[in-house]
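In: Mind looking at a prediction? Sequence and model below.
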Amino acid sequence: MITSDRLHIAGRRPKRITIQGVAGCYHDAAARGYFAGEEIDTIQCDSFQEMFDTLAADASLLGIMAIENTIAGSLLQNHELLRASNMQIVGEYKMRISHTLAALPGQSIDELTEVNSHPMALLQCEQFLLRHPNMKMIETFDTAGSAKEIAEKGLTGHAAVCGEYAANLYGLNILERSIETNKRNFTRFLILADPLIAGEERPSERFIDKSSVVFTLPHDKGALSKVLTILSFYDINLTKIQSMPILGREWEYRFYIDLEFDSYSRYRQAVDAVRPLTNDLRILGEYTACKNEV
């Protein structure tokens, strides 16, 4: 998804994108979807914490991170990792998560005795898998990692629940497609950049129509409703609000909100208006809302 003011950077040396997971994972696929038309290299990290550590060590890197899923909800840990870092959001990407059943070439479903994948992927495909009781469900660290292990070790009788991209990458045969129970399964990813390069990676002001902010509120009656009233007055659409308890401060909360708007100047006026009512307000990023959810 390349916005028109980013087209001119295609053709430069490959961007290096940090991902959580191995090659072929959904983060990898999302990175290639967002940067379609550009050459990228992915840097694989075992955890989101490792990804942020890698980003902090090299300001030239970009990152892509899942932040919420239409079935599983918000990834609360990732909200906190983002807040604790100095990374800025410069884009977002929404991708449908569609699982396949993949095995070594020549294998049939009747020959399978074990199916391997991340526990969330197994859960999302539970109805399909229950119709095949010959396959024992085994939880693993990663969807794409399961496909990679089956391919590299030549594990007959094993199948992976993984994305089509991963199955093709590791040379597995896709036995069934779209095996997830709920077909309306989307994940929203954030594109992250160090402040040193965020300016050149985010869209120009005329394309910015969304932002993510975080703040705390004084422990006063009606504090949140006052903020929401001001945002409404400035015609700001609140697309998400996520509260998180603040450790060591009982019954106090930190709020993460996503805002969409038609006028960048009115959005900035709204932020200036609510800032005196909040504590520690920080803009996590300003970017173009992703429109590709189909």
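Out: That came in fine, so what should we check first?

In: switch to C-alpha atoms for all contacts and neighbour counts from now on
Out: Will do.

In: Name the nearest residue to the residue positioned nearest the centre of the chain, sequence neighbours excluded.
Out: Nearest to the geometric centre of the chain sits Ala66, at 1.8 Å (C-alpha atoms, centre = their mean). Nearest non-adjacent residue to Ala66, counting by C-alpha to C-alpha, 6 or more residues apart in numbering: Phe189, 4.2 Å away.

In: Residues in a beta bridge with the one you found, which ones?
Out: Ala66, Tyr93 (DSSP bridges).

In: Next, count neighbours for it.
Out: Per other C-alpha atoms under 10 Å, the neighbour tally for Phe189 reads 23.

In: The stretch 1-150 of the chain: strands as residue ranges?
Out: Using DSSP state E, counting those that start in this stretch, the strands of the stretch 1-150 of the chain run over 15-20, 40-45, 62-69, 73-74, 88-96, 100-103, 114-117, 136-139.

In: same question, the stretch 151-294 of the chain
Out: 158-162, 173-176, 186-193, 210-216, 237-245, 253-260, 279-287.

In: which of the residues in the shortest one are buried?
Out: Right, strand 173-176. 173-174 (16 or more other C-alpha atoms under 10 Å).

In: That one: partners in the sheet, and parallel or antiparallel?
Out: According to DSSP bridges, strand 173-176 has these partners: strand 100-103 (antiparallel).

In: So the residue nearest to the centre of the chain sits against Leu75, correct?
Out: Yes: if you go by C-alpha atoms under 8 Å, Ala66 and Leu75 touch, sitting 7.4 Å apart.

In: Ala147 versus Gly33, what's the distance?
Out: Taking C-alpha to C-alpha, to the nearest Å as the measure, Gly33 falls 20 Å from Ala147.

In: what about Asn86, how many residues close to it?
Out: By other C-alpha under 10 Å, neighbour count at Asn86 equals 16.

In: what's it in contact with, if anything?
Out: 194-195 (C-alpha atoms under 8 Å, 6 or more residues apart in numbering).

In: if we go to 7 Å?
Out: By C-alpha atoms under 7 Å, 6 or more residues apart in numbering, Asn86 lies in contact with Asp194.

In: re earlier: out of Gly33 and Ala147, which sits in the busier spot?
Out: More neighbours surround Ala147 than the other of Gly33 and Ala147, with 32 against 16 (other C-alpha under 10 Å).

In: distance of the more buried one from Phe215?
Out: Ala147 is 41 Å from Phe215, by C-alpha to C-alpha.

In: any low-confidence regions in this structure?
Out: In the predicted model of the chain, residues 1-12, 293-294 satisfy pLDDT under 70.

In: now with 80?
Out: Counting by pLDDT under 80, the chain has low-confidence residues at 1-12, 219, 250-251, 292-294.

In: Run a quick neighbour tally on the closest residue to His219 other than its chain neighbours.
Out: Counting by C-alpha to C-alpha, 6+ apart, His219 lies nearest to Glu252, which is 7.2 Å off, once chain neighbours are set aside. Glu252: 16 surrounding residues under other C-alpha under 10 Å.

In: Repeat that for Asp28.
Out: Every residue meeting other C-alpha under 10 Å relative to Asp28 is counted, giving 24.

In: quick one, what contacts it?
Out: So Asp28 contacts Ile19 (C-alpha under 7 Å, 6+ apart).
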